[in-house]
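1. Curious how this folds, go ahead:
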Amino acid sequence: MLLLLRGGSVFAPEPLGICDLLIGGGKILAIAPKLPPIESFAPAHVTEISLQGARVIPGLLDAHVHSTGGGGEAGPHTRVPAVPLSAFTLGGITTVVGLLGTDGTTRSMENLVAATNALRVEGLSAYCWTGGYEVPPVTLSGSVRRDIAFVEPIVGVGELAISDHRSSQPTFEEFIRIAADCHVGGLMTGKAGVLHLHLGDGKRGLSLVRRALDETELPPRVFYPTHVNRNKALFDEALAIAPRGVTVDVTAFPVEDGEDAWSAEDAIERYWAAGAPDGRITCSSDGGGCLPTFDGQGELVRMDFARPSALAGALRALLERGHPLARVLPVFTTNVANLLRLHQKGRIGLGADADLVVLSDEHQVRDVLAGGRVVVRHGVPTVRGTFE
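-> As a prediction, the model looks like this:
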């Protein structure tokens, strides 16, 4: 089957103007201001959709999702359920990277890899990180390097926790050994080979990353800290290391008035205002993960969980503040794809994967194509997960 999208205002993420796109085999086969009449494409096998000038953008990439569910920090009844397919697609997310969090004991890498493969069968582009909060990392093969080399969906290690009372309190030597295994695993396979770091509110902040940059030969791109907007001092640290070649990730979690944190959209604006490198910031949802609040003794006092839809919400908030779409999009698309070495993702062009989102006039996700298949139409899922 071929799909012909007519008359969309295409952002690739750079603006290409009004274009037609021909899609087949999960790829973009042709893109031009005006493609020939539908009769030229074996009409019995072509579906045509008129977009009437609506904006077409690459599908969003979410590098930090708890696809099997997160939580469990207030007992087994607080384990967050697995995230269903439509929770991603309704938020315009067509590529996810799943991970384990605090709990690498009752949750397993076997389960995570199986959930990743399940999302693939259901139509999403899905990958995962090996490990979790703890040191040594939980793996399938007994080795970070072997997991990256031999388990196809695994792209690196994450989310290894630092500066958090729930972490394993890794030493510097343990930290750089894991980072080195990520790096070499990436070299061996052409995968991302990065160390995705959970940052807590601890006073040590990004000190381990700064020390690694100062004292080792490891490339800065190996380190990928997330939740850097969770407090303002930590965000200032992130601003300082981005010019050194580290990609930093802000989380689209809710922020209350007066809280010592920046919302994702506030953090992205501040990053731009500081003149930090445009290509070194990404945004993720933490979808399916718990959002706990602890007191000074480490006791849980409140818990919520993150929704994948927050990613599109952050994009929409930036557009509503007047930022150009071409400026905003890389944070959610190309920057992520470049770091993860997913070269067919995050952009619209000839031969790229046909992962596309059509935005409404109100900057809402209207239509979604994942691998060339329409999975959301006019804000309603046309494809649902097996058990939805």
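2. Report the mean confidence score over stretch 326-346.
-> Along stretch 326-346, the predicted confidence averages to a pLDDT of 98.
3. From one end of it to the other, what's the distance?
-> For stretch 326-346, the first and last residues are 12 Å from each other (C-alpha to C-alpha, to the nearest Å).
4. now stretch 93-104
-> The stretch stretch 93-104 measures 25 Å between its terminal residues, going by C-alpha to C-alpha.
5. Where do the helices of this structure begin and end?
-> Ranges of helices within the chain are 85-89, 109-122, 144-150, 172-189, 207-215, 232-241, 264-273, 310-320, 325-332, 334-339, based on DSSP state H.
6. how distant is the longest one from the center of its chain?
-> Spelled out, that is helix 172-189. 21 Å (C-alpha atoms, centre = their mean, to the nearest Å).
7. Please work out the angle formed by the directions of it and helix 207-215.
-> Direction vectors for helix 172-189 and helix 207-215, defined by axes from the mean of the first three to the mean of the last three C-alpha atoms, to 10 degrees, enclose an angle of 70 degrees.
8. Tell me how far Val336 lies from Cys19.
-> Remark: distance between Val336 and Cys19 (C-beta to C-beta, to the nearest Å) = 23 Å. For glycine as for every other residue, the C-beta is placed from the backbone atoms N, C-alpha and C.
9. same thing with Ala306?
-> If you go by C-beta to C-beta, the gap between Ala306 and Cys19 works out to 35 Å.
10. ditto for Ala114
-> Ala114 is 39 Å from Cys19, by C-beta to C-beta.
11. Those two: which has the busier surroundings?
-> Each of Ala114 and Cys19 has its neighbours counted (other C-beta atoms under 10 Å); Cys19 has more, 21 against 11.
12. So in terms of bridging, what pairs with that one?
-> Assessed by DSSP bridges, Cys19 has beta-bridge partners Gly8.
13. likewise Met303?
-> Under the criterion DSSP bridges, Met303 forms beta bridges with Pro292.
14. okay but it is in contact with Thr102, surely?
-> No - with contact defined as C-beta atoms under 8 Å, Met303 does not count as touching Thr102 (11.9 Å).
15. what about those two, which has more around it?
-> Applying other C-beta under 10 Å to Met303 and Thr102 shows that Thr102 carries more neighbours, namely 22 against 15.
16. Look at that one and report its pLDDT.
-> pLDDT for Thr102: 88.
17. Relative to Val358, how far out is it?
-> In this view, Thr102 and Val358 are 37 Å apart by C-beta to C-beta.
18. Quick one: end-to-end distance for stretch 164-176.
-> Distances were taken as C-alpha to C-alpha; on that basis the terminal residues of stretch 164-176 are 18 Å apart.
19. Tell me how the protein divides into domains.
-> Here the chain is described, according to automatic domain parsing, as comprising the domains 2-57+344-381, 59-339.
20. Deepest-packed of the ones you listed, please.
-> Per-residue neighbour counts averaged over each of the domains of the chain give the maximum for domain 59-339, namely a mean of 20 (mean count of other C-beta atoms under 10 Å).
21. right, and Val80 touches His66 too?
-> Yes - because the distance of 6.7 Å satisfies C-beta under 8 Å, Val80 is recorded as touching His66.
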